[in-house]
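Novice: Okay, sequence plus prediction incoming.
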Amino acid sequence: MAKFNTIKDLDAAGKVVFVRADLNVPFKDGKVTDTTRIDRFVPTVKALTDKGAKVIIASHFGRPKGQVVPEMSLGQIVADVEKALGQKVVFVDDCIGAKVEAAIKAMKNGDVIMLENLRFYAEEEKNDADFAAKLAKDVDIYVNDAFSCAHRAHASTEGMAKLKPNAAGLLMQAELEALDAALGNPVRPVAAIVGGAKVSTKLDLLGNLVAKVDKLIIGGGMANTFLFAKGIDVGNSLCEKEMADTAREIMKKAEAAKCEIILPVDVVVAKEFAENAENKTVDVNAVPADMMILDIGPKSVAEINKKLAECKTVIWNGPVGAFEIKPFNKATFAIAEEVAALTAKGLKSIGGGGDTVSALKKAGVAEKLSYLSAAGGAFLEWMEGKILPGVKVLEK
Ligand code: AMP
């Protein structure tokens with residue numbers, strides 16, 4: 001793994017440390033509805049204040065597109081940050097300029113201030129050099145703790161990191177170490193479980209994975225396209241027929257790379273995409289013309305679980321069925337439970353992506369995996385083998 005500075009390496013006493021966080025928390029009716037992002041970020045701030053640093057917290061919040069939008073003010077979540085931190089946080093209603101300068105001047109060692117939404121300035125997303133310099137003014141050290149924003153080269157995630165000594169925050173560090181353990185330098189054999197609706201949105205990901213993993217388990221709607229590409233009639237299922245050639249190319253690439261592809265052997269079918277829709281389990285070769293595949297079947301789950309038991313590492317993105325509607329969550333939950341059980345016995349398991357986190361939480365195993373990434377887009381781009389600018393800039 002590329003080397004980067006961590007908080008541990010920093011001589012931060014008395015220094016002004018700018019921490020880029022992802023505090024883009026779910027927010028409804030004036031309330032934070034899920035504090036996970038705040039809770040996971042707090043240890044980084046504490047580690048810095050414990051060292052006697054003066055900490056500046058900065059983040060984006062929503063998509064104000066370069067305008068000041070009061071509904072997207074970070075001032076609304078300061079109380080939640082204070083509560084999680086257990087200390088006073090001074091809010092500054094700007095992220096650059098005189099107000100920030102004055103607030104920094106007034107800070108004592110161990111104090112924390114929080115800046116207004118970075119995206120109130122269009123220059124943030126444009127990675128404007130002037131704006132980055134303004135953010136970096138009076139800052140001694142830059143820390144990035146927002147892996148989930150690292151796929152974007154913005155002023156606060158990339159531009160200003162180049163201007164100051166920098167380091168990865170604890171969350172960023174955990175994220176990078178987990179990802180490295182999954183695909184960078186994994187203990188083999190390593191399996192990937194890839195599900196979700198469409199092949200077309202995960203082409204780069206599949207292409208990258210076949211070159212890196214020993215077993216590629218494909219489920220969800222995207223498995224239908226692979227089954228179709230193999231000449232199987234998938235009836236009324238979600239299926240990207242125009243992607244059949246691409247699916248065949250991926251299978252060829254896998255064969256050349258000695259990556260075993262595991263597709264469903266049985267499936268759960270229904271006439272409509274609806275909760276509790278009347279359904280039955282059939283062999284993949286026997287999908288009725290007027291029915292659609294909404295989950296993989298028990299034989300497929302047993303086969304997948306057997307393969308997982310042979311592995312030392314697994315990385316998971318995408319549900320293997322329409323997990324939001326019962327009973328088509330069964331296979332996703334059953335595999336989730338098995339991954340959790342195997343993890344207790346030493347399997348290294350890493351999951352990530354919005355729907356995957358939601359599915360694993362619903363299955364009640366989120367805490368039982370080795371690592372669950374809270375990053376959506378950044379996790380996917382990383383699984384695609386792309387270089388993340390916010391990570392690249394931290395490399396020594
Ligand atoms: P993604 O965002 O690509 O990970 O896709 C997640 C979505 O895929 C979820 O909303 C699932 O309901 C959906 N999905 C999974 N399996 C199927 C299936 N067999 N048919 C239709 N949708 C599915």
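Specialist: It's in.

Novice: okay, CA-based contacts and neighbour counts for the rest of this
Specialist: Will do.

Novice: Contact residues of the protein facing the ligand?
Specialist: For the chain, the residues in contact with the ligand (CA under 6 Å from any ligand atom) are 196-198, 220-221, 238, 293-295, 318-324, 355.

Novice: Filter those down to just the buried residues.
Specialist: Neighbour counting by 16 or more other CA atoms under 10 Å classes 196-198, 220-221, 238, 293-295, 318-323, 355 among those as buried.

Novice: picking up where we left off before, strands - which of the residues of the chain next to the ligand land there?
Specialist: Secondary structure defined by DSSP state E assigns 293-295 of those to strands.

Novice: Turn these into a markdown table, columns for pLDDT and distance to residue 304.
Specialist: Formatted as a markdown table, those follow (pLDDT from 0 to 100; distance: CA to CA, whole Å):
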| residue | pLDDT | distance to residue 304 |
| --- | --- | --- |
| 293 | 98 | 18 |
| 294 | 98 | 17 |
| 295 | 98 | 14 |
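
Novice: now, which of those sits nearest the ligand?
Specialist: residue 294 (3.7 Å; CA to the nearest ligand atom).

Novice: separation between the closest residue to residue 356 other than its chain neighbours and residue 211?
Specialist: If the residues on either side of it in the chain are set aside, residue 356 comes closest to residue 318, at 5.1 Å by CA to CA, 6 or more residues apart in numbering. Distance of residue 318 to residue 211, computed by CA to CA, to the nearest Å: 19 Å.

Novice: So for the residue in the stretch 1-150 of the chain that the ligand sits nearest to, what's the nearest residue that isn't a sequence neighbour?
Specialist: Nearest residue of the stretch 1-150 of the chain to the ligand (CA to the nearest ligand atom) works out as residue 148 at 16.3 Å. Spatial nearest neighbour of residue 148, excluding adjacent residues (CA to CA, 6+ apart): residue 375 at 4.2 Å.

Novice: Assign that neighbour to helix, strand or coil.
Specialist: coil (DSSP: H, G, I helix; E, B strand; the rest coil).

Novice: How about the one 4 residues further on?
Specialist: Per three-state DSSP, the secondary structure class of residue 379 is helix.

Novice: Contacts only, for it.
Specialist: Residue 379 makes contacts with 148, 352-353, 373, as judged by CA atoms under 8 Å, 6 or more residues apart in numbering.

Novice: hmm, 10 Å instead?
Specialist: Taking CA atoms under 10 Å, 6 or more residues apart in numbering, we find residue 379 in contact with 147-151, 175, 179, 317, 351-354, 373, 385, 388.

Novice: Which members of those occur in strands, if any?
Specialist: Per DSSP E, the subset of the contacts of residue 379 in strands is 317, 351-352, 373.

Novice: Switch those over to CSV; also include neighbour count and pLDDT.
Specialist: Listed next are the ones in strands among the contacts of residue 379 as CSV, based on neighbours: other CA atoms under 10 Å; pLDDT from 0 to 100:
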residue, neighbour count, pLDDT
317, 23, 95
351, 26, 95
352, 25, 92
373, 22, 90
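
Novice: how near is residue 166 to the ligand?
Specialist: Counting by CA to the nearest ligand atom, to the nearest Å, the gap between residue 166 and the ligand amounts to 33 Å.

Novice: rewinding a little: can you name the residues that contact the residue of the stretch 1-150 of the chain closest to the ligand?
Specialist: The contact partners of residue 148, by CA under 10 Å, 6+ apart, come to 21-22, 172, 175, 373-379, 390.

Novice: try residue 42
Specialist: 21, 81-82, 84-86, 170-171.

Novice: One more: residue 200?
Specialist: 206, 222, 225, 240, 242-243, 246-247.

Novice: Ok, residue 32 next?
Specialist: Residue 32 makes contacts with 24-26, 38, 76-77, 80, as judged by CA under 10 Å, 6+ apart.

Novice: In CSV: the ones in strands among the residues of the chain next to the ligand, plus distance to residue 111.
Specialist: As requested, these are exported to CSV (distance: CA to CA, whole Å):
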residue, distance to residue 111
293, 56
294, 53
295, 52
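
Novice: can you give me the helices for the protein?
Specialist: Ranges of helices in the chain, per DSSP state H, are 36-50, 78-85, 98-105, 122-125, 129-136, 170-179, 203-212, 220-229, 244-256, 298-309, 330-344, 354-362, 377-383, 389-392.
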